[in-house]
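Chemist: fold the following, please.
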Amino acid sequence: MKQLAKLFSLWLPYLLVSCAEIPSETEALQEDKPMESLPFTRVNLDDMTDFQPVAKNWQTVGDAYVDLNKKRTFVASPGKGILLNLPEKGMKDNLFTVFEHGDIELEVDVMMPIHSNSGLYFQGRYEVQLLDSWGEKQPRHGDMGGIYQRWDQTKEKGSRGYEGHPPAVNAAKAPGLWQHFKIKFHAPKFDTAGKKVKNAWFEEVWLNGALLHKNQEITGPTRAAAFQDEQAMGPLMIQGDHGPVAFKNMKYKLFGDKQVSIEDMTMKTYESTSQTIPDFDTLTVGSEINADSISSAMATGQNPRKVLVYDGKMVIPEAGDYLFEFAIHRGGGMLLINNDTIVDLNGDFSMAEPGFGLVSLPQGAVPFTLIYNKHRPYQRGFTLSVEGPGIPKQGLHAPQSVISGQGNEPDAIVIKALDETVLQRSFLMHRGSKRTHCISVATPEGINYAVDLAFGSLIQTWNDGFLDATKMWHARGGQQLGTPIGFPVLSIHGYPDFALLKNDKTNWPDSIPANVTYKQLGYRLDRQGAPTFSMALDGSVISYKFIPSDTIRQLERIISTDADKDIWHKLGEGTIIDALPDNIYAIDDKNYFVDFSGNENLTPTIRQASGKEELLIKIPKGSHMITYTITW
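Modeler: From the prediction side, this is the model:
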């Protein structure tokens, strides 16, 4: 097993921080999806115009190199798209944005060098900590994603710090990798006399897909805040005096106190068993009432199959674009505004497939119609939400609109690995598609991974937790879907890992080609219960196993081949693949690392393919063994 020190010793100052203008793989995959959120305002990182004047420790650059042989070290090269802090003696200013904020939603990618330290101060007062915390077993408030403690200098030593909030989990990636924050912050609230009536709070803090904090109240400014008072507005501050740090893809939404409201609403009910919305002229109105809320719970009575039609006015507080989200479980419906269809879910829809509609609305009252077709006897109702200019996403439905037709929600059925390896067959979701031949493996070391046996491919890795089997084992388990529990979930490309290519120009297959005989040969367990998987391509036998690190977030893969022809193996793909010294590669714009350094006489090839880059290795015919590690 390669150790972290050896891995880092091979990374000289060649870790390229790539320009933020190139979209991530996740963004590229979402280009064809409907808009699920109103656009953010992007902070301009082409220059420093979105920030207040500051010392030259802050600059925008195009590339920056991290020297992982040294602590707290970046080496920059000219360009734009990345915000970089290189503090030096006499140049250690904190950085403040030109804009001020109250309630805000912020997303940003952060990169930390080894042992470096910084912080995001909301309103210049409330800090979310930035620290190289990779591998920390018991994270504290001072670790990556923690809400830093408050400080009282008048107290005795040892008790001056108080109210620090550690992250729920350590989701920090390895130094030199980009890490993604999503933060929703609410400013303190004041009455007309200026008296604080509500403390500031972090509604959510997410790091690399893990929820670190939820509805965490902050009673006052944290240590080293720029301001010791509390206000309704203030600038975002980035700590600049502690250590180097890099940022890209910084964007935000600012929110006020306005909301969309509903008035002058009526509700009609019709009895219908049609799966599609019927012609109401052919039906008799069952009841008609004045309604003060929108709820599926009104579909009651001896006949559980009904159509509800709500007619009313939405009071729009400010002119602009509004995004509506309508989600239905076991039913159908439509949302119309000003007689235009905004969301069409006419048929049979599930909560997993919400409909979205974007519409430009004037200020004032606009007529709307909401139709809910409850054509099944058992259902959980619907939700209707809206997001607008300066208006965070809010529910327009009553709480009782989301109900259960079969009693309370079941307790989660969770599979964990304690002292032995655990294997579980299930369906898994991978990048929006359901994989039906998956086996997930949990190890006592806390490193988990999933293999798609239909392709012979590694599709996901994650650590801690393991698998939520509720959708597999509760009631009839109709979905047969396992859900990874842990962080960060690293999604691998998911195509076949092995292929028979004519040459290095041949396109990589997205499935097993019809002219190739593929056979899954199952797996065998060693004495510790760890599986070795085997498969055959046109008679060539390929075996592979995974060995987790017991100290860091790293998975070693060992592949054995016995073949009468050359076999190609895809190690990774992404928007950008950086070749580092000694056969080490940064995959998908520094989303994870692949270390191929232990294989003499074999060097992977980076090639362009369909707007992405692929990392391939040709394994010559005969008997061979290759090994490499994946680090995230």
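
Chemist: hey, what's Phe190 bridged with?
Modeler: Under the criterion DSSP bridges, Phe190 forms beta bridges with Lys196.

Chemist: I figured it hits Ala200, correct?
Modeler: No - with contacts defined as Cβ atoms under 8 Å, Phe190 does not count as touching Ala200, sitting 11.3 Å away. Glycine gets a C-beta too; all of them are placed from N, C-alpha and C.

Chemist: so these two - more neighbours on which side?
Modeler: Here Phe190 and Ala200 are set side by side on neighbour count (other Cβ atoms under 10 Å), and the busier one is Ala200, at 23 against 14.

Chemist: low-confidence ranges, the protein, go.
Modeler: The chain contains residues with pLDDT under 70 at 1-33, 65, 67-69, 300-304, 378-379, 403-410.

Chemist: can you list the domains in it?
Modeler: Here the domain parsing of the chain from automatic domain parsing is 86-255, 261-401, 414-631.

Chemist: just put the ones you listed in a markdown table and tack on distance to Asp47.
Modeler: Rendered in a markdown table, the data for the domains of the chain read as follows (distance: least, Cβ to Cβ, whole Å):
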| stretch | distance to Asp47 |
| --- | --- |
| domain 86-255 | 12 |
| domain 261-401 | 27 |
| domain 414-631 | 22 |
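
Chemist: out of those, nearest to Val54?
Modeler: Go through those one by one with Cβ to Cβ and the one that ends up closest to Val54 is domain 86-255, at 4.6 Å.

Chemist: what separation is there between the residue nearest the centre of the chain and Arg140?
Modeler: Here the mean C-alpha position of the chain is nearest to the C-alpha of Gly209 (Cα atoms, centre = their mean), at a distance of 4.0 Å. Applying Cβ to Cβ, to the nearest Å, one obtains 21 Å for the distance of Gly209 from Arg140.

Chemist: quick one: the helices in the protein?
Modeler: Using DSSP state H, the helices found in the chain span residues 4-9, 25-29, 470-473.

Chemist: show me what the shortest one is packed up against.
Modeler: Going back to what we said before, that points to helix 470-473. For helix 470-473, the elements it packs on are strand 481-484, judged by 3 or more Cβ pairs under 8 Å, 6 or more residues apart in numbering; DSSP states H and E.

Chemist: adjacent strands (with direction) for the strand it packs on?
Modeler: On the basis of DSSP bridges, the sheet neighbours of strand 481-484 come out as strand 422-430 (parallel), strand 467-468 (antiparallel).

Chemist: count the neighbours of Asp47 for me.
Modeler: Neighbourhood size, Asp47 [other Cβ under 10 Å]: 10.

Chemist: go ahead and confirm it touches Thr60.
Modeler: Yes - assessed by Cβ under 8 Å, Asp47 is found in contact with Thr60 at 5.7 Å.

Chemist: joint contacts of those two?
Modeler: Taking Cβ atoms under 8 Å, 6 or more residues apart in numbering as the criterion, Asp47 and Thr60 both touch Lys80.

Chemist: identify the residues contacting the residue nearest to Ala171 when sequence neighbours are not counted.
Modeler: If the residues on either side of it in the chain are set aside, Ala171 comes closest to Ala210, at 3.7 Å by Cβ to Cβ, 6 or more residues apart in numbering. Contacts of Ala210 were listed using Cβ under 8 Å, 6+ apart, and they are 167-169, 171, 487-488.

Chemist: show me what the spatially closest residue to Asp340 that is not a sequence neighbour is bridged to.
Modeler: Leaving aside its sequence neighbours, Asp340 sits nearest to Val359 (Cβ to Cβ, 6+ apart; 7.2 Å). In this structure, Val359 has beta-bridge partners Tyr322, where bridges are defined by DSSP bridges.

Chemist: surely Val359 touches Gly320?
Modeler: No - under the contact definition of Cβ under 8 Å, Val359 does not touch Gly320, with a separation of 10.2 Å.

Chemist: picking that back up, nearest to Ser37, of the domains of the chain?
Modeler: Closest approach to Ser37 among the domains of the chain (Cβ to Cβ): domain 261-401, 6.9 Å.

Chemist: how long is the closest one from one end to the other?
Modeler: The first and last residues of domain 261-401 sit 17 Å apart, counting by Cα to Cα, to the nearest Å.

Chemist: to the chain's geometric centre, what's the distance from it?
Modeler: Relative to its chain's centre, domain 261-401 lies at 29 Å (Cα atoms, centre = their mean, to the nearest Å).

Chemist: quick one: contacts for the residue nearest to Asp340?
Modeler: By Cβ under 8 Å, 6+ apart, the residues touching Val359 are 321-322, 324, 337, 340, 342.

Chemist: redo that, cut-off 6 Å
Modeler: Contacts were defined as Cβ atoms under 6 Å, 6 or more residues apart in numbering; by that measure Val359 touches 322, 337, 342.

Chemist: what count of nearby residues applies to the first one?
Modeler: Using other Cβ under 10 Å as the criterion, Tyr322 is surrounded by 23 other residues.

Chemist: could you do Glu136 as well?
Modeler: By the measure other Cβ under 10 Å, the count of residues near Glu136 is 14.

Chemist: go ahead and confirm it touches Asn170.
Modeler: Yes - between Glu136 and Asn170 there is a contact under Cβ atoms under 6 Å: 5.2 Å.

Chemist: tell me where the stretch 1-150 of the chain has strands.
Modeler: Secondary structure of the stretch 1-150 of the chain (DSSP state E, counting those that start in this stretch): strands located at 15-16, 41-42, 58-66, 74-85, 95-101, 103-111, 117-122, 126-131, 150-151.

Chemist: pipe these into CSV and attach mean neighbour count and distance to Leu418 per row.
Modeler: Written out in CSV, the entries for those read as follows (neighbours: other Cβ atoms under 10 Å; distance: least, Cβ to Cβ, whole Å):
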stretch, mean neighbour count, distance to Leu418
strand 15-16, 22, 37
strand 41-42, 12, 46
strand 58-66, 20, 37
strand 74-85, 18, 41
strand 95-101, 18, 45
strand 103-111, 21, 34
strand 117-122, 24, 35
strand 126-131, 26, 30
strand 150-151, 18, 38
